[in-house]
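Student: sharing a sequence plus its predicted fold:
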Amino acid sequence: KNELEKAGTGIMTLDVSLLEPETVTRAQTEVTDFPVEVRSVDGSYTQKYLSVAEVPASVELLAGGYIVSSHSNLTLQKSMEEPYYQGSETMTIRRGQTTDVDVICKMLNSHISVNYGDDFLNAFSGWTITIDDGSETVIFFDNHSVNGYYWYFENQVEDLRVAFRGTLASSGDVVTSNSMLNKSWDTVQKYGDDSKYYRGGDAIEINLGVNPYEASTGKITDIIINAYVTFAETGDEVELEVTNADNGEEPGGEPGDEPGDEPGDEPGDDDLIAITIPDPVTLSADESATADPSSGDVVMHAEKGLKSVMVHVESSSDEMMEQLAAVADEHDGVDLVNGCEVVGNQNLVEFLAGLSKEITVPAEGDTDYTFPVGQFYLFLGILPGTHNFIMTVTDMEGNTKFGIVVVTITE
């Protein structure tokens, strides 16, 4: 009672809803049985509810910052026969005020399906197809399996390898093929975040066929693959790049081959900008609360003055990306998923102040600035994974320099 009187309390009201992709049947999932968790950002308070239906109409909480999360009443697995939804939202409870929090759950897995043309079905008596996303497991299809699964991309996956082995009905000969499906920057749309990597909610359709002339002769030497991604939010369909994985071609380009990353795209002399990037930081969840925040300081100097300091985050934790997307939806100018402009951004200052963290931001033309990645340690501590803070610094003459701060949180 004394603690409540000292800190003050406020009220939370909760709504959980779905951002259903265009790629699934509408209204096929209800949220009433989704479990709910409310936890303080400092880890001192956690309340779990077995379902949305069990959450009271209003919940009294100590003033402070909280993360509210909910997900499908299922166990997320690599391969599933139904979609899995998850969402979270940050909020600040203020003394004597009612805060409405809307947790929007988005689909974490992607639907991968394989379809067969009539010529293909007539040509082959049996086949096996494996789809490899670089993890320890593969998606398996044959002439007896269903044509689609919901697949969870645990890591950043830009290329899928499709291996085919089929037996010709006419001769019993075996035909093999290995292809790569690449999701490039041309196949990016928004469902909470934009990324060149395969993301939850998008549907991947792989169509197998054979050359019509070869089908007419019965002498089939290869299969034809066309693949498409249907975007979660718009339902737009875009063709994926399909390359032969056996001919030595690299379908995805070199690492870092993203728009603006080529040296020729960097105007002027980037030696006029200096960025000191800290060594990679590895912390346990417990250490994140007491770690020296200065170990994450990014020190920058721009001789011609700062025009822009953009920060965006790429994380191996889908929950991390979900929470950052939720922050972006609620707080204007605090979009760490697609890029957060730091110069002059008082919204970023206010957002972190709501989480009891202090940050200063530079004004346009300042020559020196330190961005404190360490201020995010406590927030990251509840989200195990590798979190990359990508810094893009631009001076008043358009010179640009990049740097990446790597923070790994272990279980």
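Tutor: Yep, that arrived.
Student: use CA for all of it now, contacts and neighbours both
Tutor: OK.
Student: neighbours around residue 44, how many?
Tutor: Close neighbours of residue 44, defined as other C-alpha atoms under 10 Å, add up to 7.
Student: now for the longest helix along the chain, which elements pack on it?
Tutor: Ranked by number of residues, the top helix in the chain under DSSP state H is helix 318-330. When contacts are defined as 3 or more C-alpha pairs under 8 Å, 6 or more residues apart in numbering; DSSP states H and E, helix 318-330 packs onto strand 85-93.
Student: try it again with 10 Å
Tutor: The criterion is 3 or more C-alpha pairs under 10 Å, 6 or more residues apart in numbering; DSSP states H and E, and the helices and strands that helix 318-330 contacts are strand 64-71, strand 85-93, strand 98-107, strand 306-315, strand 385-395.
Student: what ranges do the helices span in the stretch 201-350 of the chain?
Tutor: 212-217, 318-330, 346-354 (DSSP state H, counting those that start in this stretch).
Student: winner for burial among these?
Tutor: helix 318-330 (a mean of 20; mean count of other C-alpha atoms under 10 Å).
Student: off-centre distance for that helix?
Tutor: Relative to its chain's centre, helix 318-330 lies at 9 Å (C-alpha atoms, centre = their mean, to the nearest Å).
Student: let me see the mean pLDDT of it.
Tutor: On average, the pLDDT along helix 318-330 is 85.
Student: tilt between it and helix 346-354?
Tutor: Per axes from the mean of the first three to the mean of the last three C-alpha atoms, to 10 degrees, the angle that helix 318-330 makes with helix 346-354 is 120 degrees.
Student: C-terminal to the helix or strand bottoming out on mean pLDDT in the chain, what's the next element?
Tutor: Evaluated with mean pLDDT, DSSP states H and E, the helix-and-strand set of the chain has its lowest mean pLDDT in helix 2-7, which scores a mean of 54. For helix 2-7, the following helix or strand on the C-terminal side (DSSP states H and E) is strand 9-19.
Student: correct me, but residue 179 touches residue 240?
Tutor: No. Counting by C-alpha atoms under 10 Å, residue 179 sits too far from residue 240 to count as a contact (11.7 Å).
Student: how about residue 389: which residues does it bridge to?
Tutor: Counting by DSSP bridges, residue 389 is bridged to residue 313, residue 405.
Student: helices and strands around the helix or strand containing residue 130, which ones?
Tutor: Taking DSSP H and E as the criterion, residue 130 maps to strand 124-132. Applying 3+ C-alpha pairs under 10 Å, 6+ apart, we find strand 124-132 packed against strand 138-142, strand 159-168, strand 174-182.
Student: now do 6 Å
Tutor: Strand 124-132 sits against strand 138-142, strand 159-168, with contacts defined as 3 or more C-alpha pairs under 6 Å, 6 or more residues apart in numbering; DSSP states H and E.
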